[in-house]
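# Just the structure for this:
(one chain, ligands or ions: 1)
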Amino acid sequence: MGVVRFAKTHISNLGELEPQNLKLGKPAHRGYLPPVVLTQAVSSLYIHVPFCAHKCEYCAFYSEASQGEVISRYVSALVRELELVADDLKSQTVFFGGGTPSILTLKQWEQILRTMERLNLTGAGEWTVECNPATVSLDKAKLLRDFGVNRISMGVQSLDEKLLDRLGRIHSREQVFRSFDTLRQAGFENLDVDLMFAIPGQTMDIWRATLDEALALQSEHLSCYEVIYEQDTPLYAQLQAGEFDVDEDLACDMYEELIERAAGKGFQQYEVANFAKDNSERGDRLKAELRTSDPAIPAQACRHNVNYWRGGDYYGLGPSATGYVRGERTRNWANTQMYCEQIEKGNRAFESREMLTPLKRAGETAAFGLRMNAGWPFEGFERATGFDLRNEWAGDMESLAQRGWAEIRPERFQLNKQGLRFADAAAEVFLR
Ligand code: SF4
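Numbering: from 1, shown residues only. Just a heads-up that it's a prediction; the model follows:
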């Protein structure tokens, strides 16, 4: 019996149901600039930084190993794209993902941060930047902190040197510990550590050792993803060539081990692959601010991702970024040059856009939300979508409950431990 495969995504850690992985509609009317509707401003912003020092063996995200001129041009285009949407944004959460956002130089970061300050886009309650341990410096960390970044997500993946090599990561285990200290020194009180399991060559002992060392870092948040084999990646080609086998049972045991050890160190699992602390004063304040304020969501959960899972609106800027605003899903060109060309002409850089029907959107929202341990409170779902789960999806909920994957409670529907293992399959029945 294999565990559900939850893909690591830099955008939102949503797994296979992540918006950018869902089928998008016909190509956009390129160059069309939507009118800014002066209703409630959008409260979440995702920015994709599509550059990495080196492509990892398993990576299917849009990123490239570029330098110099290409990156400068991207930064200028991003500044312009921020200007295009700023009037419709009042960000409670901001997330810079990639790629490797920390690869940008101090000067490039300064250009972006000063723009955000000028456009009143700083001050988000949660502002995350993804970092690779090899590209963290005290100067950069302090600069980010000074402008209001208050959460760092660190792509560690493993603390075993051989496996880091195997994955094509550019950092060493020593750099993980050093960077973690540097970030604390710069004043970051909310740190996330990303790990991967079921890596070819990873034994249970290696996984336990990595988990123990990672948990000893005492981060506030932990994300752990099973390796997935995406087509067009070197790791997939190696699997196809029979260079190694996938051991589903071992993957399953590793997942169990993760849940047990994380709980033992005070982490509360709140999504298939995400764990957070729920115990600091600051955490309690964050919890009070959580848009969903569901008591089943721990205080230091990633609010940006909770917004995705709860069906909230968000702007997505940068090459390949997906956005969802007032019923319309958009996706930017997954090509930095095309992205820059469109923005330089004064356009948005949409490769596709699709107006979702309310029922389709509600089905997706149900599917995303079920990845969370809290499942869907019936009232919250109705508030978010206008639909009552107990009417539209009564039969689906019943059949999942009969299969032993879910519980129907008086106030909510949620997957149980067994169901969470197969969250993608379970969630699929809700799509319309
Ligand atoms: S750091 Fe590796 S996994 Fe992350 S986007 Fe870059 S190449 Fe992909």
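# Could you check how far residue 194 is from residue 324?
Using C-beta to C-beta, to the nearest Å, residue 194 is found at 24 Å from residue 324. C-beta: built from backbone N, CA, C; applies to glycine.
# nope, residue 386 is what I was after
For residue 386 relative to residue 324 (C-beta to C-beta), the value is 16 Å.
# between these two, who's got more neighbours?
Neighbours per residue, other C-beta atoms under 10 Å: of residue 386 and residue 324, the larger number sits with residue 324, 22 against 11.
# Looks to me like the more buried one is in a strand.
Yes - remark: residue 324 belongs to a strand, assigned using DSSP: H, G, I helix; E, B strand; the rest coil.
# Now do the same contact list for it.
Going by C-beta atoms under 8 Å, 6 or more residues apart in numbering, residue 324 touches 19, 313, 314, 316, 330.
# So for the third one, what's the nearest residue that isn't a sequence neighbour?
With sequence-adjacent residues excluded and distances taken as C-beta to C-beta, 6 or more residues apart in numbering, residue 314 is closest to residue 44, at 3.7 Å.
# what do you get for the fourth one?
With C-beta to C-beta, 6+ apart as the criterion, residue 316 has its nearest non-adjacent residue at 3.7 Å, and that residue is residue 323.
# Give me the neighbour count for the one you found.
For residue 323, using other C-beta under 10 Å, the count is 24.
# quick one: it and residue 312 touch, right?
No - contact criterion C-beta atoms under 8 Å: residue 323 and residue 312 do not qualify, at 11.6 Å.
# where does the closest residue to the ligand within the stretch 151-300 of the chain fall, phi/psi-wise?
Of all residues in the stretch 151-300 of the chain, residue 155 sits closest to the ligand, at 5.9 Å by C-beta to the nearest ligand atom. Main-chain torsions, residue 155, degrees, to the nearest 10: phi -80, psi 90.
# Wait, it touches residue 132, no?
Yes - counting by C-beta under 8 Å, residue 132 is a contact partner of residue 155 at 5.5 Å.
# shared neighbours of those two, which are they?
residue 100.
# Give me the distance between the residue of the stretch 301-432 of the chain found nearest the ligand and residue 209.
Per C-beta to the nearest ligand atom, the residue of the stretch 301-432 of the chain with the smallest distance to the ligand is residue 320, at 10.9 Å. Look at residue 320 and residue 209: by C-beta to C-beta, they are 35 Å apart.
# can you give me the helices for the stretch 51-200 of the chain?
In the stretch 51-200 of the chain, the helices defined using DSSP state H, counting those that start in this stretch lie at 68-85, 106-118, 138-147, 161-167, 173-185.
# sorry, that was for the stretch 251-400 of the chain
281-289, 303-309, 336-344, 358-369, 378-385, 389-392, 394-402.
# Assign a three-state SS to residue 201, would you?
Assignment for residue 201 (three-state DSSP): coil.
# and the residue nearest to it when sequence neighbours are not counted, how many neighbours does it have?
Nearest residue to residue 201 in three dimensions, chain neighbours excluded: residue 166, at 5.8 Å (C-beta to C-beta, 6+ apart). By other C-beta under 10 Å, the residues close to residue 166 number 19.
# With residue 373 instead?
When neighbours are defined as other C-beta under 10 Å, residue 373 has 20 of them.
# So for stretch 294-301, first residue to last residue, what's the gap.
End-to-end distance for stretch 294-301, by C-alpha to C-alpha, to the nearest Å: 11 Å.
# Buried residues, it. List them.
By neighbour count on 16 or more other C-beta atoms under 10 Å, the buried set for stretch 294-301 is 294, 297, 298, 299, 300, 301.
# So residue 430 belongs to a helix, correct?
No - counting by three-state DSSP, residue 430 is not found in a helix; it is coil.
# Torsion angles phi and psi at it?
Per degrees, to the nearest 10, the backbone of residue 430 is at phi -90, psi -10.
# show me what contacts the residue nearest to it when sequence neighbours are not counted?
Spatial nearest neighbour of residue 430, excluding adjacent residues (C-beta to C-beta, 6+ apart): residue 366 at 4.0 Å. With contact set as C-beta under 8 Å, 6+ apart, residue 366 has these partners: 376, 381, 385, 389, 393, 427, 430.
# what does this structure have sitting close to the ligand?
With C-beta under 6 Å from any ligand atom as the criterion, the chain meets the ligand at residues 10, 52, 55, 56, 59, 61, 63, 98, 99, 100, 132, 155.
# Understood, closing this out.
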